[in-house]
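Student: Structure, please.
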Amino acid sequence: MLEKWLEYSQEVIEAREAGKPIVALESTIISHGMPYPQNVETAREVEEIIRENGAVPATIAILDGKIKIGLSNEDLEYLGQSENVEKASRRDIPFLLSTKKNGATTVTATMICAELAGIEVFVTGGIGGVHREAETTMDISADLQELAQTNVAVVCAGAKSILDLGLTLEYLETHGVPVVGFGTDTLPAFYTRTSPFNVNFRLDSADEVAEMIKTKWELGLDGGIVVANPIPEENALEESFISEVINQALAEAKENQIEGKQVTPFLLGKVKELTEGKSLVANIALVKNNARVGAMIAASLVR
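Tutor: Numbers count the residues shown, from 1 in each chain. Now for the predicted structure:
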């Protein structure tokens with residue numbers, strides 16, 4: 001029954017048959033996260049980095065009533081340029097499939113689809129989390145709940161720095177989600193390598209991370225793992241500079257009464273504008289770095 005909703009690319013079919021490592025990639029970063037043509041160029045480059053590091057990329061999206069596991073060049077171009085692509089989270093998947101509307105998968109939806117397809121490692125930029133002032137707005141990303149219940153390891157540059165990082169860590173702790181620093185003791189904050197917060201555990205190699213993932217799931221401890229991989233030093237932004245920019249962007253979002261799923265795209269766009277494009281360069285660099293690490297972890301898991 002499930003298979004009728006899933007459609008695999010030829011590359012992914014061959015990888016499954018050969019028992020090769022596969023890495024899931026989200027599509028919201030293409031449709032809502034970056035401007036064209038950088039979005040499509042980055043998607044292709046990230047897929048290539050995964051191949052170069054011994055794994056097979058599976059970018060995921062909902063197109064024409066199917067969950068596509070692995071996208072063609074035409075699919076990537078469509079996602080990168082079309083304005084008729086919904087931002088798909090857990091609640092949206094049944095509606096989009098049943099009405100044959102098109103959706104780009106968020107972290108949450110990509111985790112769900114990856115698990116349905118038997119893919120254990122997923123690479124993204126940064127996870128969502130608890131938004132600032134969530135104690136009054138209750139604005140908490142569905143990513144956190146998904147991490148609590150879905151067996152996929154998420155390689156990211158920490159949580160997006162527009163969030164309340166302390167409350168995000170508290171939420172993950174409450175739900176038993178381990179936050180592993182890849183070669184770091186402190187939680188990276190997307191554009192910066194550091195934040196005022198520590199990770200739960202530090203592991204320094206892909207093999208160590210794969211061993212922990214395997215152990216967690218063998219014990220029947222359901223839920224994901226956050227693998228927090230800092231942005232490369234040469235691409236990182238200064239912590240005080242980005243904090244100032246984010247505070248300004250948050251103030252503008254409030255003034256314009258921007259809420260719900262529109263908040264993150266607005267803030268990322270505003271941050272790009274205020275940093276004169278530096279944040280976009282950083283975003284692309286960190287996703288590529290995560291792709292390299294994610295492919296190594298996936299390859300280690302298969303071994």
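
Student: rest of the way, CA atoms for contacts and neighbours
Tutor: Fine.

Student: List the buried residues of the host helix or strand of Thr110.
Tutor: If you go by DSSP states H and E, Thr110 is part of helix 107-116. Buried positions in helix 107-116, judged by neighbour count with 16 or more other Cα atoms under 10 Å: Val107, Thr108, Ala109, Thr110, Met111, Ile112, Cys113, Ala114, Glu115.

Student: Skip the chain neighbours and tell me the closest residue to the third one.
Tutor: It stands for Ala109. Ser89 (4.8 Å; Cα to Cα, 6 or more residues apart in numbering).

Student: shouldn't that neighbour be in contact with Met111?
Tutor: No: under the criterion of Cα atoms under 8 Å, Ser89 makes no contact with Met111, lying 9.9 Å away.

Student: Just read off the phi/psi values of the residue nearest to the spatial centre of the chain.
Tutor: The geometric centre of the chain, computed from its C-alpha atoms, lies nearest to Thr124 (Cα atoms, centre = their mean), at 2.8 Å. Backbone torsions for Thr124, taken as degrees, to the nearest 10, come to phi -140, psi -180.

Student: how far away is it from Leu76?
Tutor: Distance of Thr124 to Leu76, given as Cα to Cα, to the nearest Å: 16 Å.

Student: Likewise for Thr136?
Tutor: Counting by Cα to Cα, the gap from Thr136 to Leu76 is 38 Å.

Student: Mind checking which of these two has more residues around it?
Tutor: Leu76 (21 against 7; other Cα atoms under 10 Å).

Student: So what's the gap between the helix holding Thr110 and the chain middle?
Tutor: On the basis of Cα atoms, centre = their mean, to the nearest Å, helix 107-116 is displaced by 10 Å from the centre of the chain it belongs to.

Student: Tell me the strands beside the helix or strand that comes right after that helix, with direction?
Tutor: Using DSSP H and E, the next helix or strand after helix 107-116 towards the C-terminus is strand 121-123. Paired strands of strand 121-123, with direction, are strand 22-25 (parallel), strand 153-156 (parallel) (DSSP bridges).

Student: what's the closest of those to Arg303?
Tutor: Taking Cα to Cα, strand 22-25 is the member of those nearest to Arg303, at 12.5 Å.

Student: could the strands paired with strand 121-123 be laid out in a markdown table, adding mean pLDDT, distance to Ala206 and mean neighbour count?
Tutor: Shown next, in a markdown table, are the strands paired with strand 121-123 (pLDDT from 0 to 100; distance: least, Cα to Cα, whole Å; neighbours: other Cα atoms under 10 Å):
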| stretch | mean pLDDT | distance to Ala206 | mean neighbour count |
| --- | --- | --- | --- |
| strand 22-25 | 98 | 14 | 29 |
| strand 153-156 | 98 | 11 | 28 |
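
Student: would a markdown table of these with distance to Glu52 be doable?
Tutor: Output for the strands paired with strand 121-123, formatted as a markdown table (distance: least, Cα to Cα, whole Å):
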| stretch | distance to Glu52 |
| --- | --- |
| strand 22-25 | 12 |
| strand 153-156 | 17 |
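
Student: how about those, which one is nearest Ala299?
Tutor: strand 22-25 (8.1 Å).

Student: picking up where we left off before, what's the burial count for the residue nearest to Ala109?
Tutor: 22.

Student: Same check on the one 10 residues further on?
Tutor: Neighbour count of Thr99, defined by other Cα under 10 Å: 10.

Student: circling back: name the nearest of the buried residues of helix 107-116 relative to Thr275.
Tutor: For these, the nearest to Thr275 is Val107 (24.9 Å; Cα to Cα).

Student: which other helices and strands contact the helix holding Thr110?
Tutor: strand 22-25, strand 56-63, strand 66-69, strand 121-123, helix 142-149 (3 or more Cα pairs under 8 Å, 6 or more residues apart in numbering; DSSP states H and E).
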